[in-house]
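compute the structure for the input listed below.
(one chain, ligands or ions: 1)
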Amino acid sequence: MTKDAYAPFTIPGAYAAAQHLCKEKIQTLYGPTPPAPVVERLDAEFALLDGNNLSSVYILLHHLAAHLGETGGKLALRGALGSTLTSFLLGITDINPLPAHDRCPSCGYVDFVRGDSGYDLVAKTCPICGGALVCDGHNIPYEACSELAQGKQVDTVDINVSASSWEKAVSFLVEFLGEERIACACEWNNPVCFMLLPEGMKFEDVTPVTELESPVCGVRKQTVLPGYELTPEMLRVILLPYDDYDRIRRLHRLTKTKPEDVDYSDPNIYQLFQNLDTCGIPGFSTDRSKEILQHCKDMRFSDLIRLCGMICGTGAWEDNGEILLQSHAFPDLIATRDDIFLTLGKYGVDSKTAQAVMESVRKGKFCEDTPENRKRAQKLLRAGVPVWYVESLGKIRYLFPKAHAAQCGKIAATLAWFKVYYPNGFYQVSLASMRAGDLLQYSDEALKQRLGKENASKEHDREVIALLLEVRRRQICVDSWGTGETADVR
Ligand SMILES: [Zn+2]
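Take a look at the predicted model:
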């Protein structure tokens, strides 16, 4: 049987349902007559969604997100699937991919402005109705989502789920699909990877399965073949429990603040990063991230996106960005896949070539000396792309999609905001969610000794110890916290 003869995971009616939900949502956000860039972007995405099963995946996640949201849980798509306006409107990422803009929630006024990220903008008042404007948009092209741009079928979805809602998420999938259509994947020690089947199919029809001795939140079966041997009907869903969503939710509860109170244009947030006061901020407390941070001046949110890209990429910083920074500005460097697509577009490189180069770089293939790569490089140079830029492309082996880097940046900026304005709450909730436990009883000396020991070199332990030492150095009272577990502030 050829691969085309298989039907990929789909949900009947998903395309029309996604279109309807997105149109409703843009009217809520952008008024009854949304501006042309919003409508054009959505139309372009839906023209491509017709060719693959992505709308089915999006609808499944939309229902899951809505279900978790009822009790304050959250999910977010990891990776490039979250690059679309569709995923933002369906509530499965909170990263708006449109160009940077101000919008008025009261009257629908929208102003697209020049800039890398709407979070760099200082909020103004609406010139029409005087209401407070919302700044949004991170300038993410939908071409970064290769499944969409190339009409590929989606076979794997990676999602971050609030750790406290993880079981609820699995139970929802069992209820939504029926237990015949979901199984644990065999190769994972922790059951975070699930296989889903389209309507009307059973696992026994496509792959060998065994019954689990102890079911996982209602999932009773497990596939026998390694999880990466997907049959084409299967959708692999990886549900990663994510503590930082819970940490942020607890912080809002404790400090009686709301997510919309966090002002991402606030310079104090970025001053914290530039002061290297990043202990307890995910992704930013390692020596490597601090080394990159030291090169940043006048930081804003868009720089935080670049930093997340640089920190998590391979070959973007070492022997590349770090050298280029001597003669080029930080925003000109390559930090995410999308930077490549957008920059090549500025030089007039056609979008098909720009997309192919972007894909080749992020898969670590552009660094290979092949006739095809030499031809592509020549094409870029003929278009006027500088030599240094093409050479920089050739050094990169892996890059994050901008949508994912923006999500990491948003979480880091949110926690930094709490650390600046609610330090006591920040330390209290962070130590509890990092399960500081016994370490709270250790003296400073004992903690420092433990840091020095090899068995304490685990990243997590080092972070907890560093945070605890910082709390004591700043003389923030920990006595009332007992074992580090806070009162229920969920
Ligand atoms: Zn207005």
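
which helix or strand in this protein has the lowest average pLDDT?
Least confident helix or strand, the chain: helix 444-452 with a mean of 83, by mean pLDDT, DSSP states H and E.

which other helices and strands does that one contact?
helix 459-473 (3 or more CB pairs under 8 Å, 6 or more residues apart in numbering; DSSP states H and E). In this view, the C-beta of every residue, glycine as well, is placed from N, C-alpha and C.

go ahead and confirm residue 78 touches residue 242.
No - the criterion here is CB atoms under 8 Å, and residue 78 misses it with residue 242 at 9.5 Å.

the residue of the stretch 301-450 of the chain found nearest the ion: neighbouring residues, count only.
Closest to the ion within the stretch 301-450 of the chain is residue 301: 23.3 Å, counting by CB to the ion. Per other CB atoms under 10 Å, the neighbour tally for residue 301 reads 24.

what does residue 388 give?
13.

how about it, what does it touch?
324, 328 (CB atoms under 8 Å, 6 or more residues apart in numbering).

which parts of whichever helix or strand residue 16 is part of are buried?
If you go by DSSP states H and E, residue 16 is part of helix 14-30. For helix 14-30, the neighbour count (16 or more other CB atoms under 10 Å) marks 14-15, 17-19, 21-22, 25-26, 29-30 as buried.

what's the answer for stretch 175-184, then?
So stretch 175-184, judged by 16+ other CB under 10 Å, has buried residues 177, 180-184.

helices or strands up against the helix or strand following the helix holding residue 16?
Where DSSP H and E defines the elements, the next helix or strand beyond helix 14-30 is helix 36-49. Identification of packing neighbours for helix 36-49 by 3+ CB pairs under 8 Å, 6+ apart yields helix 14-30, helix 85-89, helix 146-149.

tell me which residues are up against the shortest one.
In this structure, residues lying in contact with helix 146-149 by CB under 8 Å, 6+ apart are 45, 48-49, 52, 54, 80-81, 83-84, 142-143, 152-154, 355, 359.

for that helix, which positions count as buried?
146-149.

TSV for those, including distance to the ion and pLDDT?
Below are these laid out as TSV (distance: CB to the ion, whole Å; pLDDT from 0 to 100):
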residue	distance to the ion	pLDDT
146	38	87
147	37	88
148	32	89
149	35	87
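
which of these lies closest to residue 209?
residue 147 (27.0 Å; CB to CB).

quick check, the residue of the stretch 301-450 of the chain closest to the ion in contact with residue 117.
Yes - Residue 301 is within contact range of residue 117, at 5.1 Å (criterion: CB under 8 Å).

returning to that earlier point: just give the closest residue to the residue of the stretch 301-450 of the chain closest to the ion, not the sequence neighbours.
residue 119 (3.6 Å; CB to CB, 6 or more residues apart in numbering).

which residues does that neighbour contact?
Residue 119 neighbours (CB under 8 Å, 6+ apart): 135-136, 138, 264-265, 300-302, 410, 413.

does it count as helix, strand or coil?
Judged by DSSP: H, G, I helix; E, B strand; the rest coil, the three-state class of residue 119 is helix.

low pLDDT regions in the chain?
1-6, 188-189, 227-229, 453-457, 478-490 (pLDDT under 70).

tell me the residues on it that lie near the ion, please.
104, 106-107, 109, 126, 128-129, 131 (CB under 5 Å from the ion).

look up how far the ion lies from residue 28.
Per CB to the ion, to the nearest Å, residue 28 is found 14 Å from the ion.

give the contact list for the residue positioned nearest the centre of the chain.
Central residue of the chain (CA atoms, centre = their mean): residue 404, 3.1 Å from the mean position. Residue 404 makes contact with 78-80, 82, according to CB under 8 Å, 6+ apart.

and for the closest residue to the ion within the stretch 151-300 of the chain, the neighbour number?
Residue of the stretch 151-300 of the chain nearest the ion, by CB to the ion: residue 260 (16.2 Å). For residue 260, the count of nearby residues is 8 (other CB under 10 Å).

I'd assumed it was in a helix, is it?
Yes - counting by three-state DSSP, residue 260 is part of a helix.

please shift the residue numbers so they start at 469 in all later answers.
Sure, I'll start counting at 469 from here, so that last one is residue 728.

give the buried subset of the contacts of helix 614-617 as a PyMOL selection command.
Only the buried entries of the contacts of helix 614-617 go into this PyMOL selection, using 16+ other CB under 10 Å:
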select buried, resi 513+516+517+520+522+548+549+551+552+610+611+621+622+823+827
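
how about the contacts of residue 872 in JSON lines, adding secondary structure?
Converted to JSON lines, the contacts of residue 872 look like this (three-state DSSP):
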{"residue": "546", "secondary structure": "coil"}
{"residue": "547", "secondary structure": "coil"}
{"residue": "548", "secondary structure": "helix"}
{"residue": "550", "secondary structure": "helix"}
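
quick one: which two of the residues you listed are the most distant?
Most distant of the contacts of residue 872, by CB to CB, are 546 and 548, 9.1 Å apart.

can you pull the residues that touch both of residue 546 and residue 710?
Joint contacts of residue 546 and residue 710 (CB under 8 Å, 6+ apart) are residue 628.

tell me the SS of the residue nearest to the centre of the chain?
helix.

again, but for residue 789
helix.

residue contacts, it?
760, 778, 801-803, 860.

distance check, it against residue 783.
9 Å (CB to CB, to the nearest Å).

what of residue 503?
For residue 503 relative to residue 783 (CB to CB), the value is 39 Å.

what do you get for residue 796?
Distance from residue 796 to residue 783, by CB to CB: 17 Å.

quick one, which of these two is more surrounded?
residue 783 (20 against 15).

that one contacts residue 860, doesn't it?
No - Residue 783 sits out of contact with residue 860 when judged by CB under 8 Å, with a separation of 9.2 Å.

quick one on the thing from earlier: narrow the contacts of residue 789 to those in helices?
Secondary structure defined by DSSP state H assigns 760, 778, 860 of the contacts of residue 789 to helices.

between these, identify the one with the most neighbours.
Busiest of these [other CB under 10 Å] is residue 778, holding 29 neighbours.

so what's that residue up against?
Per CB under 8 Å, 6+ apart, neighbours of residue 778: 760, 784-785, 789, 801, 803.

swap in residue 591?
Counted by CB under 8 Å, 6+ apart, residue 591 has contacts 570, 600-603, 731, 733.

mind redoing it with 6 Å?
601, 603 (CB atoms under 6 Å, 6 or more residues apart in numbering).

could you do residue 628 as well?
Here residue 628 is in contact with 544, 546, 708, 710 (criterion: CB under 6 Å, 6+ apart).

returning to that earlier point: make JSON lines out of the buried residues of helix 614-617 and add distance to residue 935.
Below are the buried residues of helix 614-617 laid out as JSON lines (distance: CB to CB, whole Å):
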{"residue": "614", "distance to residue 935": "38"}
{"residue": "615", "distance to residue 935": "39"}
{"residue": "616", "distance to residue 935": "40"}
{"residue": "617", "distance to residue 935": "42"}
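
quick check, nearest of those residues to residue 816?
residue 617 (19.0 Å).

what residues go with each domain of this structure?
According to automatic domain parsing, the chain comprises the domains 471-566+605-707, 782-867.

including distance to residue 721, could those go into TSV?
Listed next are the domains of the chain as TSV, based on distance: least, CB to CB, whole Å:
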stretch	distance to residue 721
domain 471-566+605-707	9
domain 782-867	33
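
among the contacts of helix 614-617, which two are most distant?
Top of the distance list for the contacts of helix 614-617 (CB to CB): 517 and 827, 19.4 Å.
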